[in-house]
Every structure is written in C-alpha cells, then in structure tokens.
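Student: got a structure for you, letters missing:
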C-alpha cells in the first residue's frame, strides 16, 4: 500500500469520527426535546483492494472506515403497545369526565341536590295527608311540586347541553384526526424524497411522524406499518386512512332532528366509522380512543322515558285476556325485545343517554302518579268500537271552586282533558276525554290517530311539563274535597301509598322499586360507573407510563451514555489525527531525502 493511500485511510477516520461527534452533540442538545429520538452512528468498512489469492485465502487491503448511516434507535413493538394502551386510557379518561359531569348536574356533591326536592315533595304529601284541603298544606304541596319540576328540568337541560358540548368535542376531534392524517401523508412524501437516494436518513421528519402517530393513537384505534420505501400506512378501525397515494378524510353526518354529528367514511358510501353494536371490551379492543368515548357518552338522541323497554306482563289478564297466547301480548313482547336490543346497544353504553332515560322515567312516574290520583281516569268503549280514557267523574273529587279534573302537572301545549260529546250504547253523552300520551285524539271521528310530529307534546316528559297555571294562581282548586264538602283523606292517603309502592325498574335487568329507592339506585349506578372508569384510567395511566419509560430507555437520550460516546469518538478522532500526522511526516521525510539527492 502506498503512503498516499494511508493518508486517505487517516482522512476517513477523521471524517467519520467528526460525524460521530456531531451526532453525539446533536443528541445532547436535544436531551429535553419532546418527541426526539436518539440517533446512533453506524460505521462500516470501505471497499477493499484485492492483492491476489493465496492457497487459503484472498489477500485484501482495506481503505479505511465510512459512515454507513445515522439511524434512529426505537423499539417498534414498544411503540405499538404504548399507542394502543394510550388510546385505551384516553377512552376511559373521557368516559370518566362524562360521568363526573352527570354527578355534578345532580348536585349531590354540591349545590341544590335532586334528592332534596324529592324529599321535600314527599314531606309535603305527608303534610297534606294530615289536612287535605287546608290552604297552607295545599300551598306547600304546590310549591314543593314547582321546585321539583324546576330542579328536574334544570338537570335534564344540563344533560342536553352537555350532549351538545360533547358534539362539539366530536367535531374538533375529527378535525384534529384529519389534520394528523394530512401531516403523516405529507411527512411520508418528504421522507421518501430525502431517503430515496439512500444517502441520508430524514430522522427529524421521522420524529415528527412518530409524534403524530402517538397523538393519533390516543384519539382512535389505529394499526400501522412502514413500507420498504419508508411510507407509514395507517388504518383507523380497520379502514384505510393513510395510504402511499393519499389520506382519506373522516367526515361527519349531520342529523337534522337532533343536531348531532356522527363520524363517517365518505369513500365507503358514508359508512359509520364505529360499529357500536359490538360490546365495549378490552378483550375485543373496542375500548380505544377518545373520539369513540365522546360518541358513546353523548348518545345519538335526546332520550326520554319512552326509550326504556318495559316487558309486558302476561298475567295482566285485563290487558291480555289470552295470557301468553294473546295476540296483543305476542306483538308487545316482540316490540319489547326489539326495544331492548336498541337499549342495550345504543342507550346503555351512553353515560348521558342511560341516565337521561332513567331520570325521565323517575320524573314521569312521580308526575303521572300524582295526576292520576288527583284526576282519575276510566276506560269506556264507544259505539264505533274505539276504547278511550275519560275522567272518572264518579270517583273524582272537587276543588274549592267545585271544579273537577284539575291536575298538578300540565303538559305545555296540551290540556289533560278535552270535553267531547261521544256515543255510548246508542246514547250521546258529554265526557272529559283524556288526551293520552303518545296519541292524538281526533274528536271529529271519535278515534285516536298517529301523529309523530305532535307525539312529544303529548308526553309527561321533562321539558314538556310545568305546574298547572291555574294551580299556580290558586292552589285551592286542586281536587282534595269530596262531593259532600269534606276533606278527601282517601285521596291524600292514596298519594302517600303510591310513594311507597314499587313503580318501575332502573333498567330492564333490575327489580321494581319505589321512587326513593329508584333515585338512590340511579345515583349509585352513576357513581359506580364513574368509579369503574376512574379505576381503569388510573390502572392504564400506570401501564402507559411504564411503557413510555421502557421505550424512552431505548429511544431517549441519556447524558451519561452520550458523554461516554463523546469521549470514545474524541479518542478515535485523536487517534486518526495522530495516524494522519505520522503518515504525513513520513511522506515529508521521503520527499526531502529524495530531493537532496
């Protein structure tokens, strides 16, 4: 080997060591930079010159060292595990915040408690039982009922407002997902342009792409892989999101009736992003992503008591004379099963939806029980075969002014009764026709008709109920006086008895309970659900912290390790420099000696 060749060997050592020192300095400079991945120098031999072949081996002469690559040090499997568990933690964190909001609305921790207005209404009924037609007792009853409606309505409206807030969060999250998709696709192209020549690694751009994947993994369930060319291909919920040629924007489907928006894939004929019919389970990996948690917590509608499945009772022979073989029972049972399926798949998983349904059922139960005692109904059959409910005038009481059929709780745009002339047994009679819930009575044809647009106006549901305006002006018109002018103790005691009787199930899988127990169970279920979500979030926080620490041990910068590398590369640089100097001195000596001759 010539001395000139040796100079090139020394130069390669100097250059490679200098590059290694620069990389180490870059690592140290970014030790606190979020998302930065430690870079590592890979050195390799340069080409070899062949000096011929011997009997046992090929004789080759090396030409020094070269910088093969400056690579990132990451653990791909640890990255995947972290992103999955981070998405799961985000799901339970968002779910816990939703249940916390519900608890706050009920005011059981602070503010005006819902339990207080229920207790006050119960106390006023007990006082009324002592002196049913006493003005003071009636006034207390009315005032407590007014507070009851106001507080329940405030809570219900608060839940609806929170649904709208969650809807805005869904919009913002979808926008951010699309932004991340655009960024990843753009970084893919930039990385490919830089690395296609095989001379350089776009490590800083790869850091940005990894940070985008970290954030995307917390928002939705993703799967991804890197192609041989350096592209990262990303799927969301099993559907293409970032491909080599483009990224597919997630869109939102707007519901005109509710104002709610649902994430969809426009490229897949507006297919919904999430299949919410699949149960939420860690085993199935269906509990991942902040976006899904917001969607579940919000629900897809503003629910009321009619969304609660009520199983028909075959032993109610008045309604089903044929028992389990009654055609009406068979039809109602089929409807119940369909409604139960909807409840289990859509309402029950929703923190707001399930509580909204249960809360309105409690309100409806109390309101209708009191109204039905104050103004009882009976069923009559008209000559046209239609059965209708009317005020039971024989068994009703009077107000102080002699008026009958007065209710405490009124629907905002529909009176309790409409006075009509009907035909029964060939004779016309004037009756107070009860305007049934969910039905619209057609007086001209003496029959009920379907009218979906007006249906909600017929319900005793939150947002549609207020205290009877006439009762607000004069509580003495409440029917608590018998026909003989005496205080109606029987009616007052009936309200006391109704309060202590079982009226409904909290959900389709529990037993019937009374009002107080129902509310206790309702608050307990919210608190229990919040506790479950919080426990899951805390456990996953520990898991994600551990996984992040483990991957940082690989990808993070250690000052001790880098300082050790700096000493090593500095020593290599000094050695190459000394080698270069020695060869240079030898050449100088040879040239000077040859020149003197």
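Tutor: Here it is on my side, so go on. Just so we're clear, the structure is a prediction, and the values are computed from it rather than from any experiment. Numbers count the residues shown, from 1 in each chain.

Student: now residue 33: how far from residue 26?
Tutor: For residue 33, the distance to residue 26 equals 10 Å [Cβ to Cβ, to the nearest Å]. Heads up, the C-betas are built off the backbone N, CA and C, glycines and all.

Student: just for the stretch 1-150 of the chain, where's the confidence low?
Tutor: 1-5, 27, 47-63, 67-70, 108-112 (pLDDT under 70).

Student: now swap in the chain and tell me
Tutor: Residue ranges of the chain with pLDDT under 70: 1-5, 27, 47-63, 67-70, 108-112, 440-454, 595-597.

Student: Kindly list the main-chain dihedrals of residue 427?
Tutor: phi -120, psi 140 (degrees, to the nearest 10).

Student: Kindly tell me how buried it is, as a neighbour count.
Tutor: When neighbours are defined as other Cβ atoms under 10 Å, residue 427 has 8 of them.

Student: ok now do it, which residues does it touch?
Tutor: Applying Cβ atoms under 8 Å, 6 or more residues apart in numbering to residue 427 gives no contacts.

Student: if we go to 10 Å?
Tutor: residue 383 (Cβ atoms under 10 Å, 6 or more residues apart in numbering).

Student: Give me the common contacts of residue 33 and residue 26.
Tutor: By Cβ under 10 Å, 6+ apart, the residues touching both residue 33 and residue 26 are residue 557.

Student: Which one of the two is surrounded by more residues?
Tutor: A side-by-side neighbour count of residue 33 and residue 26, using other Cβ under 10 Å, places residue 26 first with 17 against 11.

Student: so how far is residue 317 from the nearest residue to that one once chain neighbours are set aside?
Tutor: In this structure, residue 26 finds its nearest non-sequential neighbour in residue 39, 6.6 Å apart by Cβ to Cβ, 6 or more residues apart in numbering. Separation of residue 39 from residue 317 (Cβ to Cβ): 82 Å.

Student: Which one's more surrounded, the two?
Tutor: The residue with more neighbours, out of residue 39 and residue 317, is residue 39; 20 against 11, by other Cβ under 10 Å.

Student: For that one, give me its contacts.
Tutor: Going by Cβ under 10 Å, 6+ apart, residue 39 touches 23-24, 26-27, 30, 69-73, 201, 203-204, 207, 557.

Student: what do you get for residue 243?
Tutor: 185, 188, 231, 233, 234, 235 are the contacts of residue 243 under Cβ under 10 Å, 6+ apart.

Student: which ones among these are found in strands?
Tutor: Counting by DSSP state E, the contacts of residue 243 place 233, 234, 235 in strands.

Student: For residue 252, give me phi and psi.
Tutor: Dihedral angles of residue 252 (phi, psi; degrees, to the nearest 10) stand at phi -130, psi 130.

Student: Look up the closest residue to it, ignoring the ones flanking it.
Tutor: Using Cβ to Cβ, 6+ apart and skipping the chain neighbours, the partner closest in space to residue 252 is residue 261 (4.0 Å).

Student: does the one you found have beta-bridge partners, and which?
Tutor: Beta-bridge partners for residue 261, by DSSP bridges, are residue 254.

Student: for stretch 245-264, how far is the first residue from the last?
Tutor: For stretch 245-264, the first-to-last residue distance is 21 Å (Cα to Cα, to the nearest Å).

Student: Now find how far off-centre that stretch is within its chain.
Tutor: Its chain's C-alpha centre and that of stretch 245-264 lie 16 Å apart, by Cα atoms, centre = their mean, to the nearest Å.

Student: Would you mark the buried spots in it?
Tutor: For stretch 245-264, burial by neighbour count (16 or more other Cβ atoms under 10 Å) applies to 247, 248, 249, 250, 251, 258, 260, 261, 262, 263, 264.

Student: Stretch 174-190 too?
Tutor: Residues of stretch 174-190 classed as buried under the neighbour-count rule (16+ other Cβ under 10 Å) are 174, 177, 178, 180, 181, 183, 184, 185, 187, 188.

Student: And the last one, how close does it get to residue 84?
Tutor: For residue 188, the distance to residue 84 equals 22 Å [Cβ to Cβ].

Student: ok, and the closest non-adjacent residue to residue 301?
Tutor: residue 258 (5.7 Å).

Student: pretty sure that neighbour is touching residue 353, no?
Tutor: No: using Cβ atoms under 10 Å, residue 258 is not in contact with residue 353, being 11.6 Å away.

Student: so where does residue 574 fall, helix or strand?
Tutor: Residue 574 is located in helix 559-596, with elements delineated by DSSP states H and E.

Student: Count the residues that sit near residue 216.
Tutor: Neighbours of residue 216 (other Cβ under 10 Å): 26.

Student: Which strand or helix spans the residue lying closest to residue 573 once chain neighbours are set aside?
Tutor: What sits nearest to residue 573 in space, not counting adjacent residues and going by Cβ to Cβ, 6+ apart, is residue 17, at 3.7 Å. Using DSSP H and E, residue 17 sits within helix 3-29.

Student: what's the answer for residue 206, then?
Tutor: Per DSSP H and E: helix 203-219 holds residue 206.

Student: Compute the inter-axis angle for that helix and helix 3-29.
Tutor: Put simply, helix 203-219 runs at 30 degrees to helix 3-29, going by axes from the mean of the first three to the mean of the last three Cα atoms, to 10 degrees.

Student: Ramachandran coordinates for residue 227?
Tutor: In terms of degrees, to the nearest 10, the main-chain angles of residue 227 are phi -80, psi 170.

Student: right, and it touches residue 195 too?
Tutor: No: using Cβ under 10 Å, residue 227 is not in contact with residue 195; the gap is 11.8 Å.

Student: When those two are compared, which one has more neighbours?
Tutor: In terms of neighbours (other Cβ under 10 Å), residue 195 is the more surrounded of residue 227 and residue 195; the figures are 17 against 11.

Student: How about the more buried one: what's its closest non-neighbour residue?
Tutor: residue 230 is the one closest to residue 195 (Cβ to Cβ, 6+ apart), at 5.2 Å.

Student: how about the one you found, what does it touch?
Tutor: Going by Cβ under 10 Å, 6+ apart, residue 230 touches 188-189, 191-196, 201-202, 205-206, 209.

Student: which among those gets closest to residue 159?
Tutor: Of all those, residue 159 sits closest to residue 209, with 40.2 Å by Cβ to Cβ.

Student: Count the neighbours of that closest one for me.
Tutor: 23.

Student: on that earlier part again, which one of the contacts of residue 230 is nearest to residue 376?
Tutor: Using Cβ to Cβ, residue 209 is the member of the contacts of residue 230 that sits closest to residue 376, with 71.2 Å.
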